[in-house]
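**Student:** with the input below, show me the fold.
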Amino acid sequence: LVYAYLRLLVAFPLVIALIYFGLRFLVPYFAPSLGRESRLKIVERLPLNNRAFIYVVSVDEHYFLLAATPNAVTLLKDLGEEWEKSRPETPEKVQMQRKPFPFAETLRKLSGK
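**Tutor:** Alright, predicted model coming up:
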């Protein structure tokens with residue numbers, strides 16, 4: 001029994017130390033952007049074919065239209081700071097604003113009650 005307690009007292013701090021050093025040194029090395037807010041964001045991506053894409057990229061509050069191929073990235077247009085405000089509402093946003101489907105009410109109508 002004493003051996004089991006001694007093993008627990010040695011193993012538990014060792015595991016805690018390994019977790020600490022792993023989170024402190026290994027995570028920033030393998031995932032440097034994890035946990036930090038990035039100033040650069042991809043707002044939209046449109047595939048032209050399987051190797052070429054058009055991106056809308058936000059740097060702080062400024063938007064750029066970029067074309068990306070396996071060989072190059074090209075700035076197509078500087079969209080400015082007002083692009084997000086001036087763009088029309090997308091179907092995804094409209095769909096998210098709809099009310100949930102009233103299943104119970106529909107069931108009552110179908111059953112005739």
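
**Student:** wait, doesn't residue 40 sit right on residue 62?
**Tutor:** No. Contact criterion CB atoms under 8 Å: residue 40 and residue 62 do not qualify, at 10.5 Å. Quick note: C-beta positions are derived from backbone N, CA and C, even for glycine.

**Student:** more crowded one of these two?
**Tutor:** residue 62 (13 against 9; other CB atoms under 10 Å).

**Student:** with adjacent residues omitted, what lies nearest to the more buried one?
**Tutor:** Excluding the flanking residues, the one nearest residue 62 by CB to CB, 6 or more residues apart in numbering is residue 81, at 5.5 Å.

**Student:** now do the strands in the chain.
**Tutor:** 40-47, 53-59, 62-68, 73-80 (DSSP state E).

**Student:** any chance of those strands in TSV, plus mean pLDDT and distance to residue 13?
**Tutor:** Formatted as TSV, the entries for those read as follows, by pLDDT from 0 to 100; distance: least, CB to CB, whole Å:
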stretch	mean pLDDT	distance to residue 13
strand 40-47	89	40
strand 53-59	92	45
strand 62-68	93	49
strand 73-80	92	49
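
**Student:** does residue 54 have any beta-bridge partners, and if so which?
**Tutor:** residue 46, residue 67 (DSSP bridges).

**Student:** so what's it up against?
**Tutor:** Taking CB atoms under 8 Å, 6 or more residues apart in numbering, we find residue 54 in contact with 45-46, 48, 65-68, 76.

**Student:** closest one of the residues you listed to residue 87?
**Tutor:** residue 65 (12.0 Å; CB to CB).

**Student:** which regions of the protein lie under the pLDDT threshold?
**Tutor:** Where the chain drops to pLDDT under 70, the residues are 32-37, 88-103, 113.

**Student:** just the helices in it please.
**Tutor:** Here the chain has its helices, by DSSP state H, at 2-21, 27-30, 83-86, 91-97, 103-111.

**Student:** who touches the third one?
**Tutor:** Pointing back at helix 83-86 there. 43, 56, 58, 63.

**Student:** give the buried residues for that helix.
**Tutor:** Buried positions in helix 83-86, judged by neighbour count with 16 or more other CB atoms under 10 Å: residue 83.
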